[in-house]
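S.K.: got a structure for you, letters missing:
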């Protein structure tokens, strides 16, 4: 699905910039991470991250409120660096990846934040087959030509907090915290240049 979106975006770009104020960027999976952190019985704050994140970012540098993002995450790509625990996270106790293979985020609104490099990105977050509203606090890190690829690039960091129980994966709460902190870092390239890896 994301690959078809990327192809359509590339065709639209080739047709000429006059048709759209935004520029389509493809997320670079090698430099995009979604990190989860929770509290475990008050003793520790473990983390895990998803290793497969794909998506399209339509970004308007002149007016970021006209931007949008559409992301797909393969739930089975979760990695805590502990194989046995990863199996548990993928099981029906938590993400149930065989039944719900994808998590998605589709933005619905982008607002300016407290400073020119900050945004509030609201959207629909789907995990475990359940869709709930979520808002990301976003910092624009950099917009410009990537020094290695010689192609237009953008970079962002984002944070939010979600409740596991909202998505039907609240097992062991509150001993294992219901609240999960989410930290995201993104690097993306203009869609027509994304294949030049």
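M.R.: Noted; the coordinates are in hand. The model shown is predicted, which means the values in this text are computed figures rather than measured ones.
S.K.: my guess is residue 113 meets residue 120, correct?
M.R.: Yes: using CB atoms under 8 Å, residue 113 is in contact with residue 120, at 5.7 Å. To be clear about C-beta, it is placed using only N, CA and C from the backbone, and glycine gets the same treatment.
S.K.: anything in contact with each of those two?
M.R.: Taking CB atoms under 8 Å, 6 or more residues apart in numbering as the contact rule, residue 113 and residue 120 both touch 137-138.
S.K.: now do the helices in this protein.
M.R.: Along the chain, counting by DSSP state H, helices occupy 2-15, 83-90.
S.K.: comparing those, which gets the lowest mean pLDDT score?
M.R.: Between the helices of the chain, the lowest average pLDDT goes to helix 2-15, which shows a mean of 43.
S.K.: give me the buried positions along the strand ranked longest in the chain.
M.R.: Longest strand in the chain by number of residues (criterion: DSSP state E): strand 130-145. Residues of strand 130-145 classed as buried by neighbour count (16 or more other CB atoms under 10 Å): 134-136, 138, 140, 143.
S.K.: repeat that for stretch 86-98.
M.R.: In stretch 86-98, counting by 16+ other CB under 10 Å, buried: 86, 89-90, 94-97.
S.K.: now swap in stretch 59-79 and tell me
M.R.: 59, 64, 67-73, 75-79.
S.K.: of these, which pair is most distant in space?
M.R.: Within the buried residues of stretch 59-79, 64 and 76 form the most distant pair, 32.7 Å apart (CB to CB).
S.K.: rewinding a little: in JSON lines, list the buried residues of strand 130-145 along with pLDDT and distance to residue 161.
M.R.: Output for the buried residues of strand 130-145, formatted as JSON lines (pLDDT from 0 to 100; distance: CB to CB, whole Å):
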{"residue": "134", "pLDDT": "98", "distance to residue 161": "9"}
{"residue": "135", "pLDDT": "98", "distance to residue 161": "10"}
{"residue": "136", "pLDDT": "98", "distance to residue 161": "10"}
{"residue": "138", "pLDDT": "98", "distance to residue 161": "14"}
{"residue": "140", "pLDDT": "97", "distance to residue 161": "21"}
{"residue": "143", "pLDDT": "96", "distance to residue 161": "27"}
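S.K.: identify the farthest-apart pair in these.
M.R.: Pairwise distances among the buried residues of strand 130-145 were taken by CB to CB; the largest, 24.0 Å, belongs to 134 and 143.
S.K.: now do the same contact list for the spatially most central residue of the chain.
M.R.: Among the residues of the chain, the one closest to the centroid is residue 71, at 5.6 Å (CA atoms, centre = their mean). Residues in contact with residue 71 (CB under 8 Å, 6+ apart) are 27, 53-55, 104-106.
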